[in-house]
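**Student:** fold the following and give me the result.
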Amino acid sequence: MRISNDQRVLLKRALAQLASLLEGVSPQTLTSPTPCSRWSVGDLVDHLVDAPLKFARVVRGEAVNWSEPARRVEGDWAEVFRAGAGELLAAWRSPARSSPLDPDWQFAELSVHTYDLATALDHSTDALDPAIAERGLAYLQANLKPEMRREAFDPEQPAPANADAYQRIAAFAGRRV
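**Tutor:** Numbering: from 1, shown residues only. I've put the predicted structure just below:
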């Protein structure tokens, strides 16, 4: 698949938004819980820091073991994430690039975990870019079948009537909102 210019612009915004949230992580918050019951903030941060690099490898046609544990990053998580984000954006910029990865999968992954991190850090999701989560939710609704949920996603949960886009995608991914 190819990435459209609109998707590229939105991906850049999604990555920047998540990097800003990562700036709010401190060593004291690493053991805090997240809406994903299996992960602490530290686990989520490690996963997030690895995600752009793994996505970049897939875009370049390299094999990726998604079940492989994330590497533990010490220090400036936002800066390490930004470096990986730059690598991902560069991989998608290749004019001949045609990847097996649907670019919209990235929006789903980034949106769910943006919700997880924002919620764990007590940040409201109201100010987050809704276009990112809406695109990710549309992708998940079209592609995530119940039999595919297994370990990565719990069963869909109800979202409040006034839920924003991040709360809706989180509920669809099995988070209690």
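
**Student:** in this structure, which ranges drop under the pLDDT threshold?
**Tutor:** 95-98, 148-149, 151-152 (pLDDT under 70).

**Student:** burial of the nearest residue to residue 121 once chain neighbours are set aside, as a residue count?
**Tutor:** Nearest residue to residue 121, sequence neighbours excluded (Cβ to Cβ, 6 or more residues apart in numbering): residue 24, at 5.1 Å. Using the backbone N, CA and C atoms, a C-beta is placed for each residue, glycine as well. Around residue 24 there are 15 other residues, counting by other Cβ atoms under 10 Å.

**Student:** now do residue 135
**Tutor:** So residue 135, with other Cβ under 10 Å, has 24 neighbours.

**Student:** residue 68 versus that one, what's the distance?
**Tutor:** 27 Å (Cβ to Cβ, to the nearest Å).

**Student:** phi, psi for residue 47 please.
**Tutor:** phi -60, psi -40 (degrees, to the nearest 10).

**Student:** would you map the helices across this protein?
**Tutor:** Under the criterion DSSP state H, the chain contains helices at 5-22, 41-59, 77-93, 103-120, 130-143, 165-172.

**Student:** is it possible to export those to TSV including distance to residue 28?
**Tutor:** Listed next are these as TSV, based on distance: least, Cβ to Cβ, whole Å:
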stretch	distance to residue 28
helix 5-22	15
helix 41-59	10
helix 77-93	14
helix 103-120	12
helix 130-143	28
helix 165-172	24
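
**Student:** list the contacts for the residue nearest the centre of the chain?
**Tutor:** Closest residue to the average C-alpha location of the chain: residue 110 at 1.7 Å, with Cα atoms, centre = their mean. Applying Cβ atoms under 8 Å, 6 or more residues apart in numbering, one finds that residue 110 lies in contact with 14, 15, 18, 51, 132, 136.

**Student:** contacting residues for residue 47?
**Tutor:** 39, 70, 113.

**Student:** looking at those, which is nearest residue 166?
**Tutor:** residue 113 (10.3 Å; Cβ to Cβ).

**Student:** nearest spatial neighbour of that closest one, skipping sequence neighbours?
**Tutor:** residue 48 (5.7 Å).

**Student:** pretty sure the one you found is touching residue 80, no?
**Tutor:** No. Here residue 48 does not reach residue 80: they are 9.7 Å apart, not a contact under Cβ atoms under 8 Å.

**Student:** settle it for me: which of the two has more neighbours?
**Tutor:** Applying other Cβ under 10 Å to residue 48 and residue 80 shows that residue 48 carries more neighbours, namely 27 against 21.

**Student:** check contacts around the more buried one.
**Tutor:** 18, 22, 77, 81, 113, 117.

**Student:** is the fifth one in contact with residue 45, as I believe?
**Tutor:** No. Under the contact definition of Cβ under 8 Å, residue 113 does not touch residue 45, with a separation of 9.7 Å.
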